[in-house]
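**Student:** fold the following and give me the result.
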Amino acid sequence: RGGRIAAYTVSELLASDLLYLFLRLGITAKCEFISGEERGKGAFKASEIYRVCVSTAAPVLRRFAEIVTPVHQEKAKRLQEMLKACNGSAGTDRKDILPNSRSILSEIENSLGAVNLGSTTPKYHKNVTKETLSELLKGYRAKIDKNTPDEVVQKIKNLENFVYGSARLDRIVSMKEVEYTEPYVYDFVVRPEGREVENFVGGFGGIYLHNTQMMVARGGQLVFSSVQLAPGVPKLWKDKPIVYKGKIWNGDSDQAPLRTYGEFEQEVRLSFKALMNVMLEGDYWGKPFNFPKPEISIEPDFMEEDKEFNKENPNLPTYADLYDLTFELSAKFGAPYFDNQIPEYRGAGEGISCYQCCAYNFSSNSDTDSDFDDKLIFADGKHFSMGAWQVISINCPRAAYRANHDDQALFDELKHLMDIAVKLFKIKRAWMQQIIERGRMPFATQRPKDPITGEYGCQAVDIEGLVYEVGVVGINEMVQYHIGHQMHESKDAWKLAIRAMTEMEIYSKQLSEEHGMTIALARTPAETTTGRFAVSDILHREYSLCAKEVVKGDIDSALAHIHETRDLPIYYTNGTHVPPGADVSLTERIQLEHVFFPIVDGGNIMHIFLGESMPNPQGLRDFAMHIAKNTQTGYFAFTRDMTICVDCNHLDSGLKDECSNCGSANVEQLSRVTGYLQAVSGWNAAKRQELEDRKRYGGTDMV
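**Tutor:** This is a model prediction of the structure:
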């Protein structure tokens with residue numbers, strides 16, 4: 001009727017099933033809810049009517065006619081007339097047509113008024129292309145004013161996200177039913193011309209391709225995301241019931257028979273491999289993905305192969321195969337971060353832990369969390385939501401300046417600074433409590449409903465479980481001023497650093513008990529803080545002379561420009577690290593730094609900066625496993641400097657001023673700032689100076 005192919009029903013379920021049926025048959029359709037005003041008087045008596053419409057685009061119409069033969073002669077005649085009218089239609093083979101676009105465009109035009117763009121005006125298009133839609137959106141944007149309804153503006157934004165995003169349309173040429181032996185189907189892939197496509201998403205009522213690795217910006221801030229990857233199902237999770245479709249599959253009901261995570265070993269291994277392959281290939285230009293950060297878990301469970309499983313599944317990658325991929329990625333881009341759970345203090349197998357952000361460590365086990373076992377199986381919606389309320393950094397070199405070479409005075413000053421931090425933590429907690437009580441933090445405090453029972457579950461974020469972090473900056477400069485030597489220059493200096501950190505660790509536990517809050521000691525990432533503290537001390541009348549003795553970087557340049565800018569090329573050493581430019585072997589650096597990991601329970605990282613030549617992945621793996629099994633290092637990364645040409649997209653090893661491929665000076669240098677890869681052009685002067693000072697190591701140093 002009226003050039004439309006539609007079916008009407010009062011059943012939402014039937015309408016959904018029809019959509020799915022059409023999808024399976026390769027027919028594009030949509031479902032609309034018809035209001036009373038649209039139906040008109042006496043059209044239908046039911047209160048709710050659903051209309052399922054089939055697209056009348058030529059390819060869809062032909063497909064519909066192949067499968068459906070109307071019983072009613074008049075309707076069969078109309079269908080043939082529609083087919084005849086669409087014969088020879090232009091553009092029927094295009095793959096970039098956006099189906100069902102007229103509906104949403106009509107809604108926008110009804111609010112804004114028709115947009116006259118000549119031949120691109122939507123009235124000429126039943127289904128527009130992305131190119132046409134881009135032109136339409138420009139016209140829509142020009143007509144938005146303060147009276148435009150918010151929902152219309154949001155629809156325009158949604159269309160803009162589609163047009164300017166990474167989603168791409170493709171036509172489904174054919175679909176066929178295949179036999180499978182497994183009782184459940186978890187995933188499927190599409191292989192056009194035999195080529196496997198991994199980033200495929202099938203949705204109820206529509207299918208689309210999407211690049212899941214795209215970088216998204218929110219007000220200029222990249223989404224800081226991490227994904228923790230294990231090459232198999234950890235022992236702790238193997239016998240735990242899975243959560244799927246709103247149910248815990250623990251066997252308590254016929255609708256949810258017992259299914260455990262251990263059954264999904266195959267899927268875990270294949271997912272790990274797929275992610276590594278995507279990251280190894282790089283983005284469109286061949287450069288590494290900044291995010292999500294691949295956090296590779298090195299666990300005792302995976303140090304030996306599951307020989308029986310491997311024998312039964314010879315086509316699946318082994319643990320060794322998967323770890324090899326991670327070190328291939330390290331050798332190529334330096335992208336992975338290794339979460340070493342082998343040391344005894346990490347408690348592998350007894351609890352869960354993860355490194356997130358720039359190296360903050362969060363953990364939970366049955367000793368520290370009474371709901372730990374329930375959270376493992378999501379009982380009553382209980383779940384892990386590990387994180388921190390606040391991080392406050394301590395200027396450790398200034399504590400040494402104030403202590404004036406007295407050990408006890410130094411420890412007292414550090415504890416005094418921690419006391420000040422606790423006061424700030426309390427202010428933050430009281431302020432946030434007011435926000436929560438007034439309902440101003442709805443996302444974090446929401447209590448999702450159980451989809452089966454309808455009862456409210458646990459709060460999304462466990463507010464009381466969040467920790468407070470005291471971060472340290474400049475431990476090396478602290479001991480350097482205190483006894484006249486840096487950590488790598490004197491065993492006494494190194495021992496003093498350990499003693500000071502131990503005093504702070506013990507005191508953090510005392511403060512936790514006294515104030516009823518979990519306080520952890522951490523290495524502050526300090527992308528800006530190491531430079532800011534150094535500049536502040538240089539400017540301070542009382543501490544300027546002290547700071548000049550120990551700050552790192554280009555002190556002469558800093559003093560020459562100190563009255564012009566505060567962005568100066570001087571800094572304190574990050575956390576408990578040996579200075580980046582210290583002339584020590586890689587083995588010595590590791591021996592000096594690894595002992596701090598059990599002390600700094602709130603998070604730490606060891607950086608291994610690589611030279612320009614690409615290391616051998618197998619050699620990198622052997623060295624990394626030696627670190628994991630023979631040191632206390634809990635978290636480490638191999639960093640490779642790179643240069644990408646903006647003109648030709650060529651990727652060079654090392655930091656170059658010109659492209660080796662085309663000679664262009666329009667290049668972007670990439671490196672790890674503290675805990676993530678970033679363009680060097682966005683770094684402050686202190687971090688750029690640190691980058692220049694870094695001592696880099698090659699394959700011969702990894703022995």
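**Student:** give the buried residues for the helix or strand containing Leu417.
**Tutor:** Per DSSP states H and E, Leu417 falls inside helix 407-437. Of the residues in helix 407-437, those buried under the neighbour-count criterion (16 or more other CB atoms under 10 Å) are 410-411, 413-415, 417-418, 421-422, 425, 429, 432. The C-beta positions use only the backbone N, C-alpha and C, and glycine is treated the same way.
**Student:** need the residues you listed in CSV (columns: pLDDT and distance to Val153).
**Tutor:** Supplementary listing: these in CSV, determined by pLDDT from 0 to 100; distance: CB to CB, whole Å:
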residue, pLDDT, distance to Val153
Leu410, 98, 58
Phe411, 98, 58
Glu413, 98, 55
Leu414, 98, 53
Lys415, 98, 54
Leu417, 98, 49
Met418, 98, 49
Ala421, 97, 44
Val422, 97, 45
Phe425, 96, 40
Arg429, 93, 37
Met432, 92, 32
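**Student:** ok, the residue nearest to Pro292 when sequence neighbours are not counted - contacts?
**Tutor:** Of all residues not flanking Pro292 in the chain, Ser225 sits nearest, at 4.0 Å (CB to CB, 6 or more residues apart in numbering). By CB atoms under 8 Å, 6 or more residues apart in numbering, the contact set of Ser225 is 291-293.
**Student:** ok, and the most crowded of the residues you listed?
**Tutor:** Compared across these, Lys293 has the highest neighbour count, 23 neighbours, by other CB atoms under 10 Å.
**Student:** mind listing the residues bridging to it?
**Tutor:** For Lys293, the beta-bridge partners under DSSP bridges are Ser226.
**Student:** any idea how far Gly474 is from it?
**Tutor:** Noted for Lys293: a distance of 25 Å to Gly474, by CB to CB, to the nearest Å.
**Student:** can you give me the buried ones in stretch 253-269?
**Tutor:** Of the residues in stretch 253-269, 256, 259, 261-262, 264-265, 268-269 count as buried by neighbour count, 16+ other CB under 10 Å.
**Student:** closest one of those residues to Thr368?
**Tutor:** Proximity to Thr368 was ranked across the buried residues of stretch 253-269 by CB to CB; first place goes to Tyr261, at 22.6 Å.
**Student:** leaving out chain neighbours, which residue sits closest to that closest one?
**Tutor:** The shortest distance from Tyr261 to any non-neighbouring residue, by CB to CB, 6+ apart, is to Trp237 (4.5 Å).
**Student:** check contacts around that neighbour.
**Tutor:** Each residue near Trp237 by CB under 8 Å, 6+ apart is listed here: 261-262, 376.
**Student:** now the most centrally placed residue in the chain: how far from Cys357?
**Tutor:** For the chain, the residue lying nearest the average C-alpha position, counting by CA atoms, centre = their mean, turns out to be Ser225 (2.2 Å). Taken as CB to CB, the spacing of Ser225 relative to Cys357 amounts to 10 Å.
**Student:** for the stretch 51-200 of the chain, what spans make up the strands?
**Tutor:** Per DSSP state E, counting those that start in this stretch, the stretch 51-200 of the chain has strands spanning 200-203. These are given in chain order.
**Student:** contacts only, for Leu620.
**Tutor:** For Leu620, the set of contacting residues under the criterion of CB under 8 Å, 6+ apart consists of 327, 330-331, 638, 702.
**Student:** ok, what's across the strand from Leu670?
**Tutor:** For Leu670, the residues forming beta bridges with it (DSSP bridges) are Met642, Ala679.
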